[in-house]
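S.K.: Got a predicted model here, sequence first, then my questions.
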Amino acid sequence: MLRYVTAGESHGPALVAIVEGLPAGVEIRKESIDAELARRQLGFGRGGRMAIEKDVAEILSGVRFGLSLGSPITLKIDNRDWANWTTTMSIEPVNTEVEDERVTQPRPGHADLSGILKSGQADIRNILERSSARETAARVAAGTIAKILLREFGIEVLSHVVSIGEVAATINELPAPGDLAKIDESPVRCFDAVAEAQMVAIIEDAKKTKDTVGGVFEVLVYGCPPGLGGYTSWEERLDARLARALMGVQAIKGVEIGEGFELAQKRGSQAHDEIYYESERGYYRKTNRAGGIEGGMTNGGVVVARAAMKPIPTLMQPLKTVDIVSKEAVDAVKERSDVCAVPAAAVIGEAVVAFEIAKVLLQKFGGDALVDTKAAHVHYLKRLKT
Ligand SMILES: Cc1cc2nc3c(=O)[nH]c(=O)nc-3n(C[C@H](O)[C@H](O)[C@H](O)COP(=O)(O)O)c2cc1C
């Protein structure tokens, strides 16, 4: 089974992702991973740290002469700022004076308070270092491996920002894989130029008023054959898997597939995608309200998943909190932080969605050797035409 695990603290020496279950024979290039890591760092509204980071990946295992071996692939992303954190984040014990520089003021909107209560620790840094969205760099690296695999099967994953704060993009037609370069050029990764300008303005306004904004992004998957995922048990359902993967990204508070919540307000006659057939095309639909998934499986349409991100909780006008030692009311820490990270979250969304699609693809077509997986895919597509 294809799976991954990440490790690493936000200000530790490095982040790591281990990807297990990729078939042998997939062409893996470090440059492709670096390009995706750079995309995660884009976006108008990011804080100071993005300038320090400039993430690059190192491949430590699982690849030989540019091809996957079928063994676990280890990807390491060094934290460029580590030199400034060697004492605070020392792996070896340090003197008590340094240990006493504890973080004792939990930030609302973060894992800080529940994390410390749950784990019985005295320093909130022990929570925030891991709960930070910095970890998503490792997830983007793992997701790139999935994207590379999917491309071998003509499957492309892209994303775009559909709203920031109250500004929503007008979507006349879904962006296609060929539009990705244009989306990446947009400072807010929005496909609608009019909305783009308004989104930039709303982020500037939030910054001016010492506030932050969230938004919604959409991940699109082109080229999935029908039948990926499953209807026989809840765990197999692709819509459920995508929702879990997207909700697993820090600050994501809602996910919908296709028309999602809007469908709840429609009549049945207006909510589904009627089925047609032509000998050349096979089965097809004239609409895609289901977002490419019916009964927990792909139906051959474009997979459309949306995720809503809450506004960043670190504000320059700090929220109220309580010191866990003195129990006194204090202002939460206000450090240089993102004002809006929806464009970056969309890139992370691509990565986690790509990984789930790759999983169900390998489940359907087998995953020891790429040639066998491809042969099974070709055979299946041929069978669907008969
Ligand atoms: C790409 C990205 C960047 C983020 N940047 C920041 C940030 O600079 N400051 C901050 O306070 N929260 C930031 N967050 C949000 C926190 O990670 C998030 O609020 C926290 O994990 C708690 O969210 P949860 O309740 O969904 O777990 C960012 C999230 C993402 C996905």
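M.R.: Right, received. Where do you want to start?
S.K.: quick one, helices of the stretch 151-300 of the chain?
M.R.: Per DSSP state H, counting those that start in this stretch, the stretch 151-300 of the chain carries helices over the ranges 180-185, 193-208, 238-247, 260-263.
S.K.: Extract the C-alpha trace of the last one and format it as PDB.
M.R.: In other words, helix 260-263. C-alpha atoms of helix 260-263 as PDB (Å, rounded to 0.1, in the frame of the first residue of the first chain):
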ATOM      1  CA  GLY A 260     -21.100  20.100  -2.000                       C
ATOM      2  CA  PHE A 261     -23.100  22.200   0.300                       C
ATOM      3  CA  GLU A 262     -24.900  23.900  -2.600                       C
ATOM      4  CA  LEU A 263     -26.500  20.600  -3.500                       C
END
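S.K.: For residue 372, pull up the helix or strand it's in.
M.R.: Using DSSP states H and E, residue 372 falls within helix 370-385.
S.K.: same check, this time on residue 36
M.R.: helix 30-40.
S.K.: Centre of the chain to that helix, how far?
M.R.: Computed by CA atoms, centre = their mean, to the nearest Å, the separation of helix 30-40 from the middle of its chain amounts to 14 Å.
S.K.: For the helix holding residue 372, list every residue counted as buried.
M.R.: Using 16 or more other CB atoms under 10 Å as the test for burial, helix 370-385 gives 370, 373, 377. Yep, even glycine has a C-beta here, placed from its N, CA and C like the rest.
S.K.: returning to what we had before: contacts for the helix holding residue 36, please.
M.R.: The contact list for helix 30-40 (CB atoms under 8 Å, 6 or more residues apart in numbering) reads 54-59, 75, 77, 136-137, 140-141, 143-145, 147-148, 184, 344, 347-348, 351.
S.K.: out of those residues, who's near the ligand?
M.R.: Restricting the contacts of helix 30-40 to those near the ligand by CB under 6 Å from any ligand atom leaves 136, 344, 348.
S.K.: Can you report how many residues neighbour the spatially closest residue to residue 108 that is not a sequence neighbour?
M.R.: Using CB to CB, 6 or more residues apart in numbering and skipping the chain neighbours, the partner closest in space to residue 108 is residue 319 (4.6 Å). Neighbour count of residue 319, defined by other CB atoms under 10 Å: 13.
S.K.: didn't residue 319 look like it was pressed against residue 313?
M.R.: Yes: at 7.0 Å, residue 319 counts as touching residue 313 under the criterion of CB atoms under 8 Å.
S.K.: shared neighbours, these two?
M.R.: Common neighbours of residue 319 and residue 313 are listed as 107-109 (criterion: CB under 8 Å, 6+ apart).
S.K.: What subset of the residues you listed is buried?
M.R.: Buried by 16+ other CB under 10 Å: 107, 109, out of the shared contacts of residue 319 and residue 313.
S.K.: which one of the shared contacts of residue 319 and residue 313 sits closest to the ligand?
M.R.: For those, the residue nearest the ligand by CB to the nearest ligand atom is residue 109; the value is 5.1 Å.
S.K.: any idea how far the nearest residue to the closest one once chain neighbours are set aside is from residue 212?
M.R.: Nearest non-adjacent residue to residue 109, counting by CB to CB, 6+ apart: residue 313, 2.6 Å away. Distance of residue 313 to residue 212, computed by CB to CB, to the nearest Å: 8 Å.
S.K.: Tell me how many other residues crowd residue 136.
M.R.: With other CB under 10 Å as criterion, residue 136 counts 24.
S.K.: one step back: between residue 313 and residue 212, which is the more surrounded one?
M.R.: More neighbours surround residue 212 than the other of residue 313 and residue 212, with 23 against 15 (other CB under 10 Å).
S.K.: For the protein, what lies in contact range of the ligand?
M.R.: 47, 109-111, 131, 133, 136, 249-251, 312-314, 337-338, 341, 344-345, 348.
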